[in-house]
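Trainee: Sharing a model prediction with you, sequence too.
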Amino acid sequence: MSDTDYTLAELCICACAEAWRDAGEILATGIGLIPRLAASLAYRTFSPDLLMTDGEAFLVSEPVPPGPRGDYEPKIEGWMPYRSVFENLWSGKRHAMLGPTQIDKYGQANISCIGDYAKPKAQLLGSRGFPGNTINHPNSYFVPNHGPRVFVEKCDMVGSVGYDPSAWGPGMKRDFVDLRLVVTNLAVLDFGGADNVMRLVSVHPGNSVGDISAATGFELGVADDCGETPVPTPEALDVIRNLIDPHDMRASAVLG
Amino acid sequence: MNKRMTAGQVVDELRDGMTIGIGGWGGRRKPMALIREILRSPLKDLTVVSYGGPDVGMLCATGKLKKLIFGFVSLDLIPLEAHFRAARQAGAIEVMEVDEGMLQWGLRAAAMRLPFLPTRVGLATDVQRLNTNLRTVQSPYDDGETLLAMPAIELDAAICHVNRADERGNCQILGPDPFFDDLMCRAAERAYVSCERVVETEELIGGGCIHTIAMDRSIVDGVVEIPFGAHPTSNTPDYGIDLDHLKEYAAAAKGGWNEYAAKFVALEPAAYVEAAGGADRISAIAHPIF
């Protein structure tokens, strides 16, 4: 592969990494391979002050490459068991990127279950940390399979907060809700439009605005300056291939 | 006071309908031998509080579970828990689903004998809408903020598994994360801890830095020595997560539970270890990489 060829996974990693640009000294959590590699890329390029974990209970001073560890020893610099994770995230010093099963135009997302709550058609994980993450610190999402079953009019179970004004009661503090990017296998979206409703900001090469709208289960606004998602720079590709994912685990990412 | 008990004696102290907290997290350091003892008993209608893994799945598979208070159920390296899914999809259990941070907050409230602890977490989500028992509270200070009042999760009993304990109930967790076992024990009327080995107190203190002493004896009522008592979940550094076993267990959700139960759940701890491949095999299981 030449320096200018790239895969969709590599494009997505680069697009996701932008979530952590100028993030400063906060914990970067990427759940799933692409978000994890994206956080690693951000750390290795433009956000070197990010805190990273080994995925278990240790802070590491450089991102651990996914896949077989071989002789690699994680560079431990601190301890972050789950009780510290909750203290960290409730204090706001984190930006997480997670994968929703459903997400609506307000950014409300679901990983709990599909169908009737009392007797779901498909039980999934449970709400996990979604409610706490999203009311406390910046969040972004990665969707590997952009389609109308993921981008829905209404989530079957709202686990994470969003910008739906009707969800908020009097006196509830919304100041820390900060949804940044939704990166998919087709496009990049954000909440920068009027009333923080989701909108299209760039389309990955090979797709059209119409493709994205058709794959989205609600009416999707389009940013005035919507263009094509930037392709990976040679520098980014070099970091991805040689430093953060030397075992090419990204080749196994299922996109679409 | 010598608090050594057998697993059978622990389960004899439990009653139908109790609320039981289970230590560990997902596929890690679950008191599985005590769970299997519960599965072999006539206990029923349990309410369980757990960072759920195969503990919850097995209680679902055997119909022991009436209600689950949880944030997730997962086997970690196998993200979804097949037996829990089957029970939910059959509408067979009641649930109180909360954020995983709310769970420790409710345990902390119970541990400190408070009626609730305030948090923003859960507001403006279906966690608040679906759990009609959750109420809000207004800050009495000038900010006047509306907060969710996470109710205390009071436990009748807690069961946990650790690496080492002394016979008086001091507990040592040698793995990287103590999770919330201490809160479970403090929130419970009675707390029972199984361990890989019961050792003299001096050996406990010498076996790891002082921060590994996770529970003091005032919050532990019973100590049970059960080597490999967390299998098939991990108990770092003694052994890793038995992914092959968990795959067999997960596959049993498709009609094979009775076979799995006869092969493993029916067995007393020593025979169980042999059935699971023996002490040498379990000790050699690699530690999980996340």
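Mentor: Good, I have the coordinates.
Trainee: Report the buried residues of stretch A:240-253.
Mentor: A:I240, A:I244, A:D245, A:M249, A:R250, A:A253 (16 or more other C-beta atoms under 10 Å in any protein chain shown). C-beta: built from backbone N, CA, C; applies to glycine.
Trainee: what ranges do the strands span in the stretch 151-256 of chain A?
Mentor: A:178-184, A:187-190, A:199-203, A:221-228 (DSSP state E, counting those that start in this stretch).
Trainee: on that earlier part again, okay, and which of the buried residues of stretch A:240-253 map to helices?
Mentor: Under the assignment DSSP state H, the buried residues of stretch A:240-253 contribute nothing to helices.
Trainee: ok, so of the residues you listed, who is nearest chain B?
Mentor: Of all these, chain B sits closest to A:M249, with 11.9 Å by C-beta to the nearest C-beta.
Trainee: measure that closest one to A:L33 for me?
Mentor: Distance from A:M249 to A:L33, counting by C-beta to C-beta, to the nearest Å: 6 Å.
Trainee: Right, and chain A sits closest to which residue of the stretch 101-250 of chain B?
Mentor: B:T146 (3.3 Å).
Trainee: Widest-spaced pair of the buried residues of stretch A:240-253?
Mentor: A:I244 and A:A253 (13.8 Å; C-beta to C-beta).
Trainee: how about the closest residue to B:R135 other than its chain neighbours, phi and psi?
Mentor: Counting by C-beta to C-beta, 6 or more residues apart in numbering or on different chains, B:A149 is the residue found nearest to B:R135 once chain neighbours are left out, at 5.3 Å. When read as degrees, to the nearest 10, the backbone of B:A149 gives phi -100, psi 90.
Trainee: who are the neighbours in contact with B:A149?
Mentor: By C-beta atoms under 8 Å, 6 or more residues apart in numbering or on different chains, the contact list for B:A149 reads B:P115, B:F116, B:L117, B:P118, B:L134, B:R135, B:T136, B:V137.
Trainee: Mind picking the two most distant members of those?
Mentor: B:P115 and B:T136, at 13.8 Å, using C-beta to C-beta across those.
Trainee: so how many other residues sit close to B:H211?
Mentor: Here the count is done by other C-beta atoms under 10 Å in any protein chain shown, and B:H211 has 9 residues near it.
Trainee: A:E62 is in contact with A:K75, isn't it?
Mentor: Yes: using C-beta atoms under 8 Å, A:E62 makes contact with A:K75 at a distance of 5.1 Å.
Trainee: Residue 215: how many residues sit nearby?
Mentor: Going with chain A. 20.
Trainee: Can you look at chain B instead?
Mentor: Neighbour tally, B:M215, other C-beta under 10 Å: 26.
Trainee: likewise the one 4 residues further on?
Mentor: Using other C-beta under 10 Å as the criterion, B:I219 is surrounded by 20 other residues.
Trainee: Ignoring the adjacent residues along the chain, who's closest to it?
Mentor: B:C185 (4.3 Å).
Trainee: just checking, that neighbour is part of a helix?
Mentor: Yes: the assignment for B:C185 by DSSP: H, G, I helix; E, B strand; the rest coil puts it in a helix.
Trainee: where does the stretch 101-250 of chain B dip in pLDDT?
Mentor: For the stretch 101-250 of chain B, not a single residue meets the criterion pLDDT under 70.
Trainee: from the contacts of B:A149, which would you call buried?
Mentor: So, by 16+ other C-beta under 10 Å, the buried ones in these are B:F116, B:L117, B:P118, B:L134, B:T136.
Trainee: Where do the helices of the stretch 51-200 of chain A begin and end?
Mentor: With helices called from DSSP state H, counting those that start in this stretch, the stretch 51-200 of chain A shows them at A:82-90, A:130-136.
Trainee: do the stretch 151-290 of chain B as well
Mentor: Secondary structure of the stretch 151-290 of chain B (DSSP H, counting those that start in this stretch): helices located at B:181-187, B:201-206, B:243-251, B:257-260, B:269-275, B:279-283.
Trainee: what sits up against the last one?
Mentor: Looking back up the chat, that one is helix B:279-283. B:P227, B:F228, B:H231, B:D238, B:Y239, B:D242, B:V273, B:A276.
Trainee: would you turn the residues you listed into a markdown table with neighbour count and distance to chain A?
Mentor: Shown next, in a markdown table, are those (neighbours: other C-beta atoms under 10 Å in any protein chain shown; distance: C-beta to the nearest C-beta, whole Å):
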| residue | neighbour count | distance to chain A |
| --- | --- | --- |
| B:P227 | 20 | 24 |
| B:F228 | 23 | 21 |
| B:H231 | 27 | 19 |
| B:D238 | 23 | 16 |
| B:Y239 | 23 | 16 |
| B:D242 | 22 | 17 |
| B:V273 | 20 | 26 |
| B:A276 | 20 | 24 |
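Trainee: Tell me the residues of the stretch 1-150 of chain A that contact chain B?
Mentor: Within the stretch 1-150 of chain A, the residues that sit near chain B (C-beta under 8 Å from any C-beta of the partner chain) are A:54-58, A:69, A:79, A:81-83, A:86, A:89-90, A:108, A:112-113, A:117-132, A:135-136.
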